[in-house]
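Novice: Whatever this is, show me its structure:
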Amino acid sequence: MPDHLPRRQVLRTAGALGLGAAAAGALSSTAEAIEADSATDPTARLTGMGEHHGKLEIRKDPFGTTPDGQAVDVYTFTNGRVTVSMLTWGATLQRIETPDRRGHTENISLGFDNLPDYAKLSPYFGATIGRYGNRIAKGRFTLDGTTYQIPVNNGENALHGGTIGFDKLVWKAKTVNTGKAIGVAFTYVSPDGEMGFPGELTSTVTYTLDTRDNLRIDYHGGVAGKPTIVNLTNHVYFNLLGEGNGTIYDHVAELNATKYTPVDANLIPTGEIAPVAGTPFDFGKPTAIGARLRGDHQQLVFGRGYDHNFVIAGQPDRDGLRRAGRFWEPEHGRTIEVRTDQPGVQFYSGNFLDGTFAGIGNKAYRQSDAFAFETQHFPDSPNHPNFPSTVLRPGETYKSTTIYSFGTK
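Specialist: This next block holds a predicted model:
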């Protein structure tokens, strides 16, 4: 971000915006208030909540410095109702503050308030994941007759891009303002051979919040020199009660999926695409996440709960997106609807959170204190020819969109 950006009045008071205390402190600090300086497509169709007239505002503050001296910043942007904070570390969603049906605002995403915890402890909280989201069996795949090895970091498998994935790197950032949406475009250039992946991959991931409470993620990438595999996603953990405020057992889920991909004991897909009907994986009708979570189904035993890829059903709308799922927390009424152009989504019920660290609210995160809903291509796709391909070749463009729509009922 250039140092000479014009200054303006610091954001309105926390009371006027209805923000939580932490976000209020960030917004009212004496650090630089910045104007948005670039634009995404202003014709993009808005979805979700009805239009409201909150002012789109954004600012940048320092967040910390990596051991090798790289500065990490936090960008906080708001539409006057929903507030999002993002780090240049891992292009990470640090906070998402939304109101409940009574107008009380809470941060609904898990995260930390300092950089060392992200670097040492984070199980991908809110991170942009790459080069390859989810698991690759034994970290190995073959492309055009050449076998590549990714460092394993999940038992004998590679998870979320290997030992140093995109979540553990500092991205370049540029603010975005279309007049109807505001946010940040993050860019990272991954050199040929990084984490064993072939080709130089340039990725830009743009996060924008619009005036209808939609958080949109646009992924864009291209590879030079050699073909590669790409599966970008975001790993935000949600708790609609507020982070650290209890489990997600009573959250109600409705997933637009009639099939899923079963896994083996190492959570690698078997290659089967199986129906969800008659299993604990059938969320065709609104069902509490905890209703069948402790059942004796073998797949739940393997995952210690839900940690599975669901195959999104139905035809895309005029934007090329399909509804992947809806979530509702009955006590306070917060809702999320997720739409995407990806073929699958990983539904994870926070099974491996074990209370060994505390998050932003200084509360320990325990098993099932959050869920993740990661839009994606299928896990281990390079090793399953019947799965949608994740190959990207020089001259081709990687593009994908996911929208999180926040509301209440």
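Novice: per the record, what domains does this structure have?
Specialist: The chain is divided into the following domains under automatic domain parsing: 14-130+166-229, 243-376+385-402.
Novice: Of these, which shows the lowest average pLDDT?
Specialist: If you rank the domains of the chain by mean pLDDT, domain 14-130+166-229 sits at the bottom with a mean of 84.
Novice: before we move on, the earlier item: most tightly surrounded among the domains of the chain?
Specialist: Of all these, domain 14-130+166-229 has the most neighbours on average by mean count of other CB atoms under 10 Å, namely a mean of 19. Heads up, the C-betas are built off the backbone N, CA and C, glycines and all.
Novice: Secondary structure element for the spatially closest residue to Phe281 that is not a sequence neighbour, which one?
Specialist: Excluding the flanking residues, the one nearest Phe281 by CB to CB, 6 or more residues apart in numbering is Tyr260, at 5.2 Å. Using DSSP states H and E, Tyr260 sits in strand 257-261.
Novice: for that strand, packing partners?
Specialist: Using 3 or more CB pairs under 8 Å, 6 or more residues apart in numbering; DSSP states H and E, the elements in contact with strand 257-261 are strand 274-275, strand 307-312.
Novice: Kindly state which of those strands is positioned closest to Asp319.
Specialist: Closest to Asp319 of the helices and strands packed on strand 257-261 is strand 307-312 (CB to CB; 14.4 Å).
Novice: Distance from the chain centre to the helix or strand following that closest one, please.
Specialist: Scanning forward in sequence from strand 307-312 by DSSP H and E, the next helix or strand is strand 322-328. Mean C-alpha position of strand 322-328 versus that of the full chain (CA atoms, centre = their mean, to the nearest Å) differs by 14 Å.
Novice: ok, now stretch 374-390?
Specialist: Here stretch 374-390 is found 18 Å from its chain centre; the criterion is CA atoms, centre = their mean.
Novice: again, but for stretch 282-299
Specialist: Using CA atoms, centre = their mean, the offset of stretch 282-299 from its chain centre is 23 Å.
Novice: Ends of that stretch, what's the gap?
Specialist: 13 Å (CA to CA, to the nearest Å).
Novice: can you list contacts of it?
Specialist: Stretch 282-299 is contacted from outside by 247-255, 257-258, 262-263, 276, 279-281, 300, 305-306, 308, 325-326, 328, 349, 368, 371, using CB atoms under 8 Å, 6 or more residues apart in numbering.
Novice: before we move on, back to that, nearest to Ala137, of the domains of the chain?
Specialist: Closest to Ala137 of the domains of the chain, according to CB to CB: domain 243-376+385-402, at 4.6 Å.
Novice: So which residues make contact with stretch 160-171?
Specialist: With CB under 8 Å, 6+ apart as the test, stretch 160-171 has contacts from 66, 70, 72, 88-92, 119, 122, 124, 127-134, 139, 150-153, 186-188, 190, 195-196, 203, 205, 232, 235.
Novice: Where do the helices of the chain begin and end?
Specialist: Assigned by DSSP state H, the chain shows helices spanning 14-17, 21-27, 115-120, 298-303.
Novice: Model confidence for the residue in the chain sticking out farthest from the centre, exactly?
Specialist: In the chain, the greatest distance from the average C-alpha position (CA atoms, centre = their mean) is reached by Gly145, at 32.7 Å. Reported pLDDT at Gly145 in the predicted model: 97.
Novice: Tell me the spacing between the residue nearest to Pro227 when sequence neighbours are not counted and Asn386.
Specialist: Residue nearest to Pro227 in three dimensions, not counting chain neighbours: Arg393, with 4.4 Å by CB to CB, 6+ apart. Remark: distance between Arg393 and Asn386 (CB to CB, to the nearest Å) = 20 Å.
Novice: How about Thr66?
Specialist: From Thr66 to Asn386 the distance is 41 Å (CB to CB).
Novice: same check, this time on Asp319
Specialist: Relative to Asn386, and taking CB to CB, Asp319 is found at 28 Å.
Novice: Same check on Ala265?
Specialist: Ala265 is 21 Å from Asn386, where distance means CB to CB.
Novice: Same question for Lys285.
Specialist: Distance from Lys285 to Asn386, by CB to CB: 29 Å.
Novice: Gly361 now?
Specialist: Shown here: Gly361 relative to Asn386, a distance of 44 Å by CB to CB.
Novice: what does stretch 111-128 contact?
Specialist: 22, 63-66, 72, 87, 89-95, 109-110, 160, 166-168, 171, 186, 205, 232-237, 243, 352-353, 357, 359-360.
Novice: I figured Thr247 hits Leu353, correct?
Specialist: No: judged on CB atoms under 8 Å, Thr247 makes no contact with Leu353 at a distance of 10.0 Å.
Novice: Now for these two: what residues contact both?
Specialist: 366-369.
Novice: Is Phe378 in contact with Gly271, as I believe?
Specialist: No: using CB under 8 Å as the test, Phe378 is too far from Gly271 to be in contact (9.9 Å).
Novice: Mind listing the shared neighbours of the two?
Specialist: Common contact partners of Phe378 and Gly271 (CB under 8 Å, 6+ apart): 384, 387.
Novice: quick one: contacts for Ala224?
Specialist: Counting by CB under 8 Å, 6+ apart, Ala224 has contacts 199-200, 202, 394.
Novice: And the furthest pair within the residues you listed?
Specialist: Farthest pair in the contacts of Ala224 (CB to CB) is Thr202 and Pro394. Separation: 11.5 Å.
Novice: who touches both of the two?
Specialist: 222-224.
Novice: From what I see, Glu57 and Asn177 are in contact.
Specialist: No: at 9.7 Å, Glu57 does not count as touching Asn177 under the criterion of CB under 8 Å.
Novice: Confirm for me that Phe238 is in contact with Glu374.
Specialist: No: if you go by CB under 8 Å, Phe238 and Glu374 don't touch, sitting 11.2 Å apart.
Novice: For Thr228, name its beta-bridge partners.
Specialist: Thr228 has the following beta-bridge partners by DSSP bridges: Leu392.
Novice: distance of it from Gly64?
Specialist: Thr228 is 31 Å from Gly64, by CB to CB.
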